[in-house]
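Asks: got a sequence here, can you build the structure:
(chains A, B, C and D)
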Number of protein chains: 4
Amino acid sequence: MEQSSSCRLSFSSDYLEGAHPAIIERLVQTNLMQTPGYGSDAFCEAAREKIRAACACPDAAVYFLVGGTQANATAIDALLASYQGVIAPESGHINVHEAGTIEFGGHKVLALPQKAGKIRAEDIEVRAADFEADENREHMVAPAMVYLSQPTECGTLYSLAELRAINAVCRAHGLLLYVDGARLAYALACPENDVTLADLAALTDVFYIGGTKCGALFGEAVVVPQPGLIPHFLTIMKQHGALLAKGRLLGLQFDTLFADELYLHIGESAIMLADRIRKILREQGYQLFLESPTNQVLVVLENNRMHELAEQVEFSYWEKFDADHTVVRFATSWATRSEDVDALEALLSRR
Amino acid sequence: MEQSSSCRLSFSSDYLEGAHPAIIERLVQTNLMQTPGYGSDAFCEAAREKIRAACACPDAAVYFLVGGTQANATAIDALLASYQGVIAPESGHINVHEAGTIEFGGHKVLALPQKAGKIRAEDIEVRAADFEADENREHMVAPAMVYLSQPTECGTLYSLAELRAINAVCRAHGLLLYVDGARLAYALACPENDVTLADLAALTDVFYIGGTKCGALFGEAVVVPQPGLIPHFLTIMKQHGALLAKGRLLGLQFDTLFADELYLHIGESAIMLADRIRKILREQGYQLFLESPTNQVLVVLENNRMHELAEQVEFSYWEKFDADHTVVRFATSWATRSEDVDALEALLSRR
Amino acid sequence: MEQSSSCRLSFSSDYLEGAHPAIIERLVQTNLMQTPGYGSDAFCEAAREKIRAACACPDAAVYFLVGGTQANATAIDALLASYQGVIAPESGHINVHEAGTIEFGGHKVLALPQKAGKIRAEDIEVRAADFEADENREHMVAPAMVYLSQPTECGTLYSLAELRAINAVCRAHGLLLYVDGARLAYALACPENDVTLADLAALTDVFYIGGTKCGALFGEAVVVPQPGLIPHFLTIMKQHGALLAKGRLLGLQFDTLFADELYLHIGESAIMLADRIRKILREQGYQLFLESPTNQVLVVLENNRMHELAEQVEFSYWEKFDADHTVVRFATSWATRSEDVDALEALLSRR
Amino acid sequence: MEQSSSCRLSFSSDYLEGAHPAIIERLVQTNLMQTPGYGSDAFCEAAREKIRAACACPDAAVYFLVGGTQANATAIDALLASYQGVIAPESGHINVHEAGTIEFGGHKVLALPQKAGKIRAEDIEVRAADFEADENREHMVAPAMVYLSQPTECGTLYSLAELRAINAVCRAHGLLLYVDGARLAYALACPENDVTLADLAALTDVFYIGGTKCGALFGEAVVVPQPGLIPHFLTIMKQHGALLAKGRLLGLQFDTLFADELYLHIGESAIMLADRIRKILREQGYQLFLESPTNQVLVVLENNRMHELAEQVEFSYWEKFDADHTVVRFATSWATRSEDVDALEALLSRR
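Replies: Numbers count the residues shown, from 1 in each chain, chains lettered A, B, ... in the order given. Take a look at the predicted model:
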């Protein structure tokens, strides 16, 4: 079994492999050490310090959770009162692909039209102002937070100017700003990107730094720039089943990812290889579904061609384009090898 | 105080008055009777029998709740598994004006575009089929119910053909069909309407017959045509704070409304008077926002004109139309008097 | 039907009848008045003023809800964070007879041993101190509120000294104090009682004044002495299905109950008649289950005797005493007539 | 940092170390393999097959979750209707140390008195029968499940006869039986134990096989002997934030633990060493708090002695015994070394 699964060429996602070798090495070295549980160990503390430094936010509270849906559900539920909702793009992960965790916590997701996965400050403003002006607002869910992802579900990026504009609207209307950074390393590694970790710490109320898709075995680091914002978050994590007993596993991974700026660079090869795939696709006359600068490539395939390709390489279904075409996704990761893209190129050229 | 509030002409809603005089008389007569609690009394049983007969559904389970939001929240929560959601018109009451009760119960409202408050069988079909075909559906909220209102929020009506088409889609895709009848008496009293209580019992899984806006002091009758559908609903009502101690108050009101077909006719004068208001508005050159045949009249007013009118008659804010115009609602009820409409006519003509 | 149910002598509860005649008369007089909805009417405002005056608490926020379980569930959920629980007597209504509404809202009821329905300041102190000293407390539900009833489930009363002691423990440990006053009129009418409405306003964070069992058709008045304590409570009520459309029905009832000190005296006859029942029972050699000074009389009946009596008078099952005996309850109400107790006396003597 | 934390002798818990070396080796070997996500990979499938075989239950559904609290919260919530509760020992993990996750899911924990961490079939029977006989049961939380742990919180064991008796009561009263096996390996390795994995599969409706404390880095395997019992459990896991993206990490660990009967033997050294600690304590005249045959040793220490010892060895606080004494726990694990117990012996003797 150990080899068979890996025989096939796959670009189906960015969580196909284990972890960056430096993390595995560290796990091996520290395996029989004894540490206290639940995030109170020295690895977690060291990782917190490194993250605070990387975010230029020395007072930030930092919590380690296991997965992205869990991080979103736990932090958003902790921040909202029962009658408050969260504005999110229609295509947002919490609105579509988390099986209703936000509603399970009792809160409405207030979906906003998106363009290439992004929502605009103007539309948030209108939504907030409409609510405030609505004479029936006491009978309505109150918007209290804006959720967005960097990069977005589609792999696009918010610019610093866009984030600042959204931050300004949030401040003006008393909305919290939450950024889902499941693939944050791929934004940070992207030449087009002008939003740093320090910007996120300065502009958001909470954001998380994704590990699972960015070189860790698993794990996400939730950063709360103003440390008093969520009282008793550890207990809230426990209540959500989100407090890992051997927290040191998370601390160790983030401590490794934030040593020597690894996290800032770990996505670079993925971006280069995704750029190469985009170039190949264009040259071969394929239609890109949208322009995205990160590790996800969305392309429109004629259905027969799609089935043909699917026999030789794995990719993922995105959505129906029209009766004869489908949008599919090719994703690269920190672990994608140059020879994999060579092989893909051969497949894409052959027709 | 007793007179002052009623001095002003008001068409702001259909719950402005108390109850039909027959109900008040019955309350007075029975006040000192002793009855057991929680809906186990003879009034409730008699009302259930009359409702079963009116619905041509002799086995239906019938429960009496206090208000519409409560009825929706309790019944929908009782019917859905935690990971299931309810399809509703974007403008649906549960999606907009119930402060997130469905989400408080843990379920997502899956909003569908509406036209004049109505959703179409075809759109439900597409939504259900899309979900079934989505390769990520295990990570998504499963549509499990369709919610609609008869009449709709805007006062429009589903035809029997439309309801049958929706029922067919629901059966084909395993969706429950739930109808909110907060203003059902105004549908039943409407000449255009071709959907009877028996049709609702035959085509839906649960519907409720509105009392609060239809002649009762308060109360809604939840009808479950297949009686075993919701086990332990009484306990679920209790858990939702929706089980009235003196249930007989609800039984007595519905027993009165369903004696001598009162409920079938109680909305007739409201429809005639709403028709008169529509005629006046058209004659005076006002633009109706949409055509609705029931007791709600939505009209576009120029903002200055709106403020002018608001000094002399109460109506309710609906939504912004454009920078200079607003949509407002005039509602009639079973208690609206012909002379009130005379007075309104005078105001609308005077400009 | 109108007479049949009342033929039988019944002491089974205190919500068997409708409302005090003054309330019915007021309902009749005001029936066709038009008022705005959701508690914004003049009746509600007038009732709030009278309640504030009766509580010597001019700034109190006052909300009207429909029933006791609903009032408890809505107010307690509004006050607790997700990881906080409420200390209550093991026999407390929220712990036993509300079908888990508190848990439905996500909170644990932390049951404390009771004696005659009452919990003691010392036991609350120990519980709070134990939590604070527990090294695992971050993994535990945090006690954040104390719930008690006046009178208790068993009809007993907290003295002012006892309430003050509980208040002091609450203050010392940062616990909110909530008092369920479903039968409060029967406490206030009781000669033994030394706790006034003003005391409750001074010593609690929230309490409610029961209407349903105390002369109203239905309704409970939730009093929040410090008005800013629960932001957006109206929306929270809506979300819980606890906001009555025709709020004026509640306002009107409490306005009537608080005119001319009606509420302070409405329970007096019930207390006198309950005292008479206690006297009869003692004289006839029955064993009282516990000493309670209010309108509930708990007595131990030999099982055969119980079945014999049950053929002629209704009372309610309380709990099993031993293999041959059962505890039952006789309750009087504001509507109980002297001749009913005469009839009961005849039955109890005849054996 | 890498060494410092482990300098100190610690018996504070059984999750202090990483994983069994065989697991670490496997992680290293498979790190760069690509696998599909969410438990659909070949490692998970192989682990499921091995677990089914070990449980002699070829049709069982097996799900892998990350932690024990998460497993309990997700599975119990999936199995209970909203108005149903779960019977558990007062000292049960879900009742005390999971920060109210069961209540967060909306369900009441119905606590039953325990003895040495165990509840008895007779007491469950009485509780169920009392509910069924209670005339107010429709207003109460319905007991629908029994939760227990093997070994218990205190390290004690249910015998096969006891489990069969509990199973019989559950069947008779329509209760589900759920067993929390966080430390199951320490039961299976215990000479006194007569309950096999196959017995658990035959007698329970759901149980989980603990990994976190039993040789894995993290992870618990939820076993559902009758595979159709929880429809759509994968989506429910997702909604609870309990579906690990790289599910193969869990599959790989359980595949390793269930190869060559590793899981059945992994706790053996921990039991031998705990027995040695118990022997030492007895010989040195310490008072064991209770007799337990597994890897947890509860002992009563005089407070000064406790503080003295705490300077040289870590153990965990259990509960206050009296003013001068405290109960503390020494736990061994699969990773505890014989020389650690030698060192502890030296400390315990020296006084």
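Asks: quick one: mean pLDDT over stretch A:226-244.
Replies: Regarding stretch A:226-244, the rounded mean pLDDT is 97.
Asks: what's the end-to-end length of that stretch?
Replies: Chord length of stretch A:226-244, first to last residue, is 23 Å (CA to CA, to the nearest Å).
Asks: would you say residue A:148 is within a strand?
Replies: Yes - assessed by DSSP: H, G, I helix; E, B strand; the rest coil, residue A:148 belongs to a strand.
Asks: how far away is it from chain C?
Replies: According to CB to the nearest CB, to the nearest Å, residue A:148 stands 24 Å off from chain C. C-betas here are computed from N, CA, C, even on glycine.
Asks: same deal with residue A:147?
Replies: Shown here: residue A:147 relative to chain C, a distance of 19 Å by CB to the nearest CB.
Asks: ok, for residue A:263, nearest residue in space, not its chain neighbours?
Replies: Spatial nearest neighbour of residue A:263, chain neighbours left out: residue A:257 (4.4 Å); criterion: CB to CB, 6 or more residues apart in numbering or on different chains.
Asks: per-residue pLDDT, whatever residue of the stretch 151-300 of chain A ends up closest to chain B?
Replies: Distance from chain B to each residue of the stretch 151-300 of chain A (CB to the nearest CB) is smallest for residue A:153, at 11.6 Å. pLDDT recorded at residue A:153 is 95.
Asks: before we move on, which element is the residue in the stretch 251-351 of chain A positioned nearest to chain D in?
Replies: In the stretch 251-351 of chain A, the residue that lies nearest chain D is residue A:335 (6.3 Å; CB to the nearest CB). Following DSSP states H and E, one finds residue A:335 outside all helices and strands.
Asks: which non-adjacent residue is nearest it?
Replies: Spatial nearest neighbour of residue A:335, chain neighbours left out: residue A:17 (4.1 Å); criterion: CB to CB, 6+ apart.
Asks: what about that neighbour, which SS state?
Replies: From three-state DSSP, the assignment for residue A:17 is coil.
Asks: ok so, going back, and the residue of the stretch 251-351 of chain A closest to chain D, how many neighbours does it have?
Replies: Under the neighbour criterion other CB atoms under 10 Å in any protein chain shown, residue A:335 is assigned a count of 21.
Asks: what do you get for residue A:333?
Replies: Around residue A:333 sit 25 other residues, with neighbours defined as other CB under 10 Å.
Asks: wait, what's in contact with it?
Replies: A:13, A:14, A:15, A:16, A:17, A:213, A:270, A:295 (CB atoms under 8 Å, 6 or more residues apart in numbering or on different chains).
Asks: any chance of the residues you listed in JSON lines, with pLDDT and neighbour count too?
Replies: Shown next, in JSON lines, are the contacts of residue A:333 (pLDDT from 0 to 100; neighbours: other CB atoms under 10 Å in any protein chain shown):
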{"residue": "A:13", "pLDDT": "95", "neighbour count": "20"}
{"residue": "A:14", "pLDDT": "96", "neighbour count": "27"}
{"residue": "A:15", "pLDDT": "95", "neighbour count": "29"}
{"residue": "A:16", "pLDDT": "96", "neighbour count": "26"}
{"residue": "A:17", "pLDDT": "96", "neighbour count": "23"}
{"residue": "A:213", "pLDDT": "98", "neighbour count": "27"}
{"residue": "A:270", "pLDDT": "98", "neighbour count": "27"}
{"residue": "A:295", "pLDDT": "98", "neighbour count": "32"}
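Asks: between those, which sits nearest chain D?
Replies: For the contacts of residue A:333, the nearest to chain D is residue A:16 (3.9 Å; CB to the nearest CB).
Asks: for that closest one, which non-adjacent residue is spatially closest?
Replies: residue D:34 (3.9 Å).
Asks: which element is that neighbour on?
Replies: Under DSSP H and E, no helix or strand contains residue D:34.
Asks: need the phi and psi values for it.
Replies: Main-chain torsions, residue D:34, degrees, to the nearest 10: phi -100, psi 130.
Asks: can you count the residues close to the residue nearest to residue A:263?
Replies: Residue A:257, neighbours per other CB under 10 Å, totals 29.
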